[in-house]
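[1] Sequence plus the predicted model coming up.
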Amino acid sequence: MAQPALEVADIFRDHGPAWREANRGHVSLGQLKVMGAIERCRTAALGGHVARCENTACGYTEIAYNSCRNRHCPKCQGAASRRWLAEREAELLPVPYFHVVYTLPSQLRDIAYQNKHVVYNLLMKAAAETTLAIAADPKRLGARIGITAVLHSWGSALTHHPHVHMIVPGGGLSFDNARWVAARPDFLVHVKVLARLFRGKMLAMLMAAHSNGELKFFNTHAGLADKKTFKRFIAPLRRIKWVVYCKAPLPLPALWWPHDRDRDLRARLRAALAPDAQQDRHIMSQTSRKRRHFPVQTRWLQAGNNPSRPSHRAQCSLSSLIGSQHLPRRLSPASAPSTQTRRLHSADIRSTPELGTSIKSP
């Protein structure tokens, strides 16, 4: 990857001292440490090591300076960012995703700036609880969903603008974990419903944090330390509209091509059916060549596959699979005796959404 012509470190080295002097008293110690680390990153100030060609005729020498390893440094965290994105991409389900954004009102931004750790945590918590609660409402989606949330503390204009970005799958697990509940193709939930619940949760959490002495106030906001004054400050925020935005479904990532989905499903079917259906295991181990060129006598893919027990199908649950319209249609016990065989085609295997481990907020 080519090195950019201008880096953040170059700007800090050229203009950092003058900026710090002009903003003396308004920059925290932590921010000063970050600027210093970025300025010294991969310079002689942090030391380094020398690599030299062992061929005496060549003797090429290259000096590599040490990195600052600060989590705010764009050079040090480039690899970590790519690794994080790859891990999150691996968690995606083959379903549409919606982009949901929760924004903190401008009246609360100064308080958030003076109480970053507390307010940012509350913002993430309120946004997550709101999304999960509305999705679980039987009048809305009626499903347990998963989310991936990222906090942004600055806006596109490089001003303090705390907001939370989420990607939310267009569906989730039913409450009995038996099926996949899909949302409408172009609609998740109404943003006004999200905004009202988010407003109530966020203000309630702020009041609780104030009562517990977790919020600190400085300069012109010092008077908000008084409980009655803080209540009067919060009261108008209960009547204004809070901004919550839900964008149209995002396109599926390129990694979910059909052959990848089939391979992923085969692996999960093997893991799920192995304890109960030993004869089913060889179905998934057949090569594609064998499946294409001669009929393999197999039973239908149904764990246990005992049609003589009418209640068996209801009792059988696949913990790692979600029944959905994407699965092949299973034969009913009445029309499919235990000796029923059929040829398995690759077209019969389709992706099945699977809800992974719960996503933790920062």
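    Alright, I've got the coordinates.
[2] Quickly list the domain ranges of the protein.
    Listed by automatic domain parsing, the domain ranges of the chain are 8-65, 95-250, 256-312+337-362.
[3] out of those domains, which comes closest to R71?
    Between R71 and these, the tightest spacing by CB to CB is seen for domain 8-65, at 8.8 Å. To be clear about C-beta, it is placed using only N, CA and C from the backbone, and glycine gets the same treatment.
[4] shaky segments in the stretch 1-150 of the chain?
    Judged by pLDDT under 70, the stretch 1-150 of the chain has its weakly predicted residues at 1-3.
[5] can you rerun that using 90?
    Along the stretch 1-150 of the chain, segments meeting pLDDT under 90 span 1-8, 24-31, 49, 52, 54-57, 59, 62-64, 67, 69-96, 139.
[6] Which stretches in it count as helices?
    8-22, 29-40, 78-90, 109-114, 116-136 (DSSP state H, counting those that start in this stretch).
[7] looking at the domains of the chain, which is buried most?
    domain 95-250 (a mean of 16; mean count of other CB atoms under 10 Å).
[8] would CSV of the helices of the stretch 1-150 of the chain with distance to F187 be doable?
    Shown next, in CSV, are the helices of the stretch 1-150 of the chain (distance: least, CB to CB, whole Å):
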stretch, distance to F187
helix 8-22, 41
helix 29-40, 42
helix 78-90, 24
helix 109-114, 31
helix 116-136, 13
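[9] what's the closest of those helices to K228?
    helix 109-114 (16.4 Å).
[10] Who are the packing partners of that closest one?
    Under the contact criterion of 3 or more CB pairs under 8 Å, 6 or more residues apart in numbering; DSSP states H and E, helix 109-114 touches helix 116-136, strand 160-169.
[11] Put the alpha carbons of the longest one into PDB.
    This means helix 116-136. Extracted in PDB, the C-alpha atoms of helix 116-136 (Å, rounded to 0.1, in the frame of the first residue of the first chain):
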ATOM      1  CA  LYS A 116     -17.400  11.200  27.900                       C
ATOM      2  CA  HIS A 117     -17.000   7.800  29.600                       C
ATOM      3  CA  VAL A 118     -20.400   7.900  31.400                       C
ATOM      4  CA  VAL A 119     -22.600   9.500  28.700                       C
ATOM      5  CA  TYR A 120     -21.100   7.500  25.800                       C
ATOM      6  CA  ASN A 121     -21.700   4.300  27.700                       C
ATOM      7  CA  LEU A 122     -25.300   5.400  28.400                       C
ATOM      8  CA  LEU A 123     -25.800   6.300  24.700                       C
ATOM      9  CA  MET A 124     -24.700   2.900  23.500                       C
ATOM     10  CA  LYS A 125     -26.800   1.100  26.200                       C
ATOM     11  CA  ALA A 126     -29.900   3.200  25.500                       C
ATOM     12  CA  ALA A 127     -29.600   2.600  21.700                       C
ATOM     13  CA  ALA A 128     -29.100  -1.100  22.000                       C
ATOM     14  CA  GLU A 129     -31.900  -1.600  24.500                       C
ATOM     15  CA  THR A 130     -34.200   0.400  22.300                       C
ATOM     16  CA  THR A 131     -33.500  -1.600  19.200                       C
ATOM     17  CA  LEU A 132     -33.800  -5.000  21.000                       C
ATOM     18  CA  ALA A 133     -37.000  -4.000  22.800                       C
ATOM     19  CA  ILE A 134     -38.800  -2.700  19.700                       C
ATOM     20  CA  ALA A 135     -37.800  -5.700  17.700                       C
ATOM     21  CA  ALA A 136     -39.000  -8.100  20.400                       C
END
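[12] So for R144, which of the helices of the stretch 1-150 of the chain sits nearest?
    helix 116-136 (6.2 Å).
[13] so can I have a markdown table of the helices and strands packed on helix 109-114 showing distance to P185?
    Listed next are the helices and strands packed on helix 109-114 as a markdown table, based on distance: least, CB to CB, whole Å:
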| stretch | distance to P185 |
| --- | --- |
| helix 116-136 | 16 |
| strand 160-169 | 13 |
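[14] what about A79, how many residues close to it?
    9 (other CB atoms under 10 Å).
[15] Next, the contact list for the nearest residue to P162 once chain neighbours are set aside, please.
    The shortest distance from P162 to any residue other than its chain neighbours is 4.5 Å, reached at L104 (CB to CB, 6 or more residues apart in numbering). The neighbourhood of L104, defined by CB atoms under 8 Å, 6 or more residues apart in numbering, consists of A112, V119, L123, P162, H163, M202.
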